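**Student:** A predicted structure for the sequence below; I have some questions about it.
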Amino acid sequence: MLRGGLKWKERIVLGLCVAVVLFTLVVVVDIQMDLGMSGRPLVASHGRVKYVVEDGPESVYGRFRNRLLQKTHSAAVTSANISKESLPNEISGLNGHIKDGAVSPNDAILSNDKQKDGEKPSGQHPHDDFSDIVDYIMLDDGERAKFRKEMDRSHPIVHQPTKEGKRKVRTIGEMKKMVIEKNSTTLEKFHAQISEDALYPADSPFVDQLLHEMATEAIVHVVQKTGGTQLKLIIDFANNMEALFKPMRFPREQQTLPNHFYFTDYERHNAEIAAFHLDRLLGFHRAMPVTGRLLNMTTELYQKCEGELLNTFFVSPSDNLCFHGKCSYYCDTSHAICGNPDTLEGSFAAFLPSSKVAPTKVWRHPWRRSYHKRRKAQWETDPNYCQLVREIPPYDKGRRLYDLMDMSVFDFLTGNMDRHHYETFKIFGNETFTLHLDHGRGFGKPYHDELTILAPVLQCCLLRQSTLETLIRFQNGPVKLSQAMRMSMSTDPVAPILWEPHLEALNRRLETVLRVIRDCLQKGESPISGNENET
Ligand SMILES: Nc1ncnc2c1ncn2[C@@H]1O[C@H](COP(=O)(O)OP(=O)(O)OP(=O)(O)O)[C@@H](O)[C@H]1O
Ligand SMILES: [Mn+2]
């Protein structure tokens, strides 16, 4: 019995051992087969599981972010993040430290990451010439329709609005019967030629003249502009022109504070200057000319203002003249604007025509953010939001929706999340361009690309053909967007206007816009479905 019992136990143990050995063998063979036959390493197949994205309504952009932006450079350099507020000394040091597009000392931090124009395009990946999009643009309307049918789409991704052909374009001067005389100011001449299509034509002689005069004319009077949240001054020049002044608060390198919402972010005067140049380079001509200028705090501000504004001037402990004005954000002693020791840099935007001559209509932007710490806007959770917008005038016909697409691309390039409203000239009705105003909150985060700014393009899959052609031209060079911006801004009195990482961001973001358009063209489905019946 004892021997027989032992044998049974031995048999059980032996059986278990054999089973373990066999199981191990099976596992090893399985691994071998997987590696040898499929050629796919296990790590990668496990890795794939991790990349599955759950597409809830909350993650409208999740798909795009994963598919389009996997290679996107993001938050690569944090050491360059300067979070302290500017001091007068830093401001003076800034004015002279970068010359003619040369690399600033701070850029040394970025040297590993840096790509010069003309070398490899944005990022480390090979140049993408987007020839597929170029091919599509070359097709005529019938061929495009066929292409879309083949792709099981009926929605026009790229479209040239028919109204924009050759036609008589009305100007404010004609409509208001303005008389331009010899002694009219350059600004009056500029106002008279504002048309229903744009603020100025490509060959306007008045733009450079305005920039020059705003940078050099004597300042005779200064008052604070009411409205808006941050400090702005209305500057009167000796030649009767007016400009909107935004003061410099920080060095170029200062980035948006991580805990600042877009609506509490400080305004940057250089963003206003850069946005004007970008708008001009992209061929929109919807932003008023803006120049930089150095002011004398005492003789050009303190002695030219009065009343409430004058009462906010004081002398700081380091003997600099400072002021803070009155406004809802950052207009107090702890956020004062100080001379260094007596100079102040700022942006000067040519003034819009007065509301008596050409009043503007203010529109709520359909893709505006909620401007609430916790609430979301409808477009953030509704994938079919564009379809809704398309049905509402003035977005249901004409150029308006295309203008919003341009604005979305423009704002994505600059990183401006503050587009709550936009304005048009009432005199031209609805078939007119949207003004590009208020860009002070752009160019704050050079290492972050805010894809939600592109929501209108992502959700509508729509872009004006001329805009797309311009983007492709800058993508394929020979002059890249960053280089064109560098050259355009180099003549500004307070150049260099942008910190190098912001210029690099422009090239990177431009490529992202093109990838979004490619995505619209390539997929059978719309990036966000629901707009299939649009013609
Ligand atoms: N170049 C200009 N000439 C005349 N008026 C202008 C000009 N640019 C802007 N404005 C007007 O001044 C208002 C406030 O300007 P802006 O939006 O730049 O200031 P803001 O303080 O940033 O405003 P907000 O905080 O509301 O964004 C605008 O709504 C616009 O009507
Ligand atoms: Mn603003």
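**Tutor:** That came through fine. Ligands and ions are numbered 1, 2, ... in the order given.

**Student:** What is the neighbour count of V494?
**Tutor:** Applying other Cβ atoms under 10 Å, we find 21 residues neighbouring V494. To be clear about C-beta, it is placed using only N, CA and C from the backbone, and glycine gets the same treatment.

**Student:** correction: E380
**Tutor:** Neighbour count of E380, defined by other Cβ under 10 Å: 17.

**Student:** Please apply the same query to Q378.
**Tutor:** 11.

**Student:** How much space separates it from L454?
**Tutor:** 17 Å (Cβ to Cβ, to the nearest Å).

**Student:** do Q230 as well
**Tutor:** 26 Å.

**Student:** Those two: which is more packed in?
**Tutor:** L454 (24 against 20).

**Student:** which ones are touching the residue of the stretch 101-250 of the chain found nearest ligand 1?
**Tutor:** Closest residue of the stretch 101-250 of the chain to ligand 1, Cβ to the nearest ligand atom: G228 (2.5 Å). Contacts for G228 (Cβ atoms under 8 Å, 6 or more residues apart in numbering) come out as C327, D438.

**Student:** can you rerun that using 10 Å?
**Tutor:** With contact set as Cβ atoms under 10 Å, 6 or more residues apart in numbering, G228 has these partners: L244, K246, E267, C327, S328, Y329, D438, G440.

**Student:** next one: F276
**Tutor:** Counting by Cβ under 10 Å, 6+ apart, F276 has contacts 207, 211, 287-291, 347, 349-350, 436, 439, 488-489, 492, 497.

**Student:** Check S328 too.
**Tutor:** By Cβ under 10 Å, 6+ apart, the residues touching S328 are G228, T229, Q230, L231.

**Student:** do the same with K146
**Tutor:** With contacts defined as Cβ under 10 Å, 6+ apart, K146 is in contact with L139, D140.

**Student:** Now do the SS call for it.
**Tutor:** Three-state call for K146 (DSSP: H, G, I helix; E, B strand; the rest coil): helix.

**Student:** Relative to Y371, how far out is it?
**Tutor:** 44 Å.

**Student:** same deal with L454?
**Tutor:** Counting by Cβ to Cβ, the gap from L454 to Y371 is 19 Å.

**Student:** buried residues in stretch 323-342?
**Tutor:** By neighbour count on 16 or more other Cβ atoms under 10 Å, the buried set for stretch 323-342 is 323-325, 327, 330-331, 335-340, 342.

**Student:** meant to ask about stretch 364-382, not that
**Tutor:** Buried residues in stretch 364-382, counted by 16+ other Cβ under 10 Å: H365, P366, W367, R369, A377, W379, E380, D382.

**Student:** Is that stretch positioned near ligand 1?
**Tutor:** No. Figure legend: stretch 364-382 not in contact with ligand 1 (Cβ under 6 Å from any ligand atom); closest approach 10.3 Å.

**Student:** for stretch 431-451, same thing?
**Tutor:** Yes. Contact of stretch 431-451 with ligand 1 (Cβ under 6 Å from any ligand atom) involves L437, D438, G440.

**Student:** Tally up the residues packed near the nearest residue to the last one once chain neighbours are set aside, please.
**Tutor:** With Cβ to Cβ, 6 or more residues apart in numbering as the criterion, G440 has its nearest non-adjacent residue at 3.0 Å, and that residue is E267. Other residues near E267 number 25, with proximity taken as other Cβ under 10 Å.

**Student:** In contact with E267, which residues?
**Tutor:** 228-232, 246-247, 249-250, 329-330, 347, 418, 438-442, 444.

**Student:** Which PyMOL command selects the buried ones in those residues?
**Tutor:** Selection of buried members from these for PyMOL, criterion 16+ other Cβ under 10 Å:
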select buried, resi 230+231+232+246+247+249+250+330+347+418+438+439+440+441+442+444
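
**Student:** Just the buried residues of the helix or strand where L295 lies, please?
**Tutor:** Assessed by DSSP states H and E, L295 sits inside strand 290-296. By neighbour count with 16+ other Cβ under 10 Å, strand 290-296 contains the buried residues V290, T291, G292, R293, L295.

**Student:** Is A243 in contact with I235, as I believe?
**Tutor:** Yes. A243 is within contact range of I235, at 4.6 Å (criterion: Cβ atoms under 10 Å).

**Student:** where do the contact lists of these two overlap?
**Tutor:** Common neighbours of A243 and I235, counting by Cβ under 10 Å, 6+ apart, are M214, E217, I219, R293, G346, F348, A349, F351.

**Student:** Counting neighbours, which of the residues you listed comes out on top?
**Tutor:** Neighbour counts for the shared contacts of A243 and I235, by other Cβ under 10 Å, peak at F348, which reaches 31 neighbours.

**Student:** returning to that earlier point: now, which of the contacts of G228 lie within strands?
**Tutor:** L244, K246 (DSSP state E).

**Student:** Ligand 1: which of the contacts of G228 is nearest?
**Tutor:** D438 (3.2 Å).

**Student:** Would you mind measuring from the residue lying closest to that closest one once chain neighbours are set aside to E511?
**Tutor:** Nearest residue to D438, sequence neighbours excluded (Cβ to Cβ, 6+ apart): D418, at 7.0 Å. Going from D418 to E511 by Cβ to Cβ gives 24 Å.

**Student:** For this structure, what lies in contact range of ligand 1?
**Tutor:** So the chain meets ligand 1 at 227-230, 232, 244, 267, 288, 349, 351-352, 418, 437-438, 440 (Cβ under 6 Å from any ligand atom).
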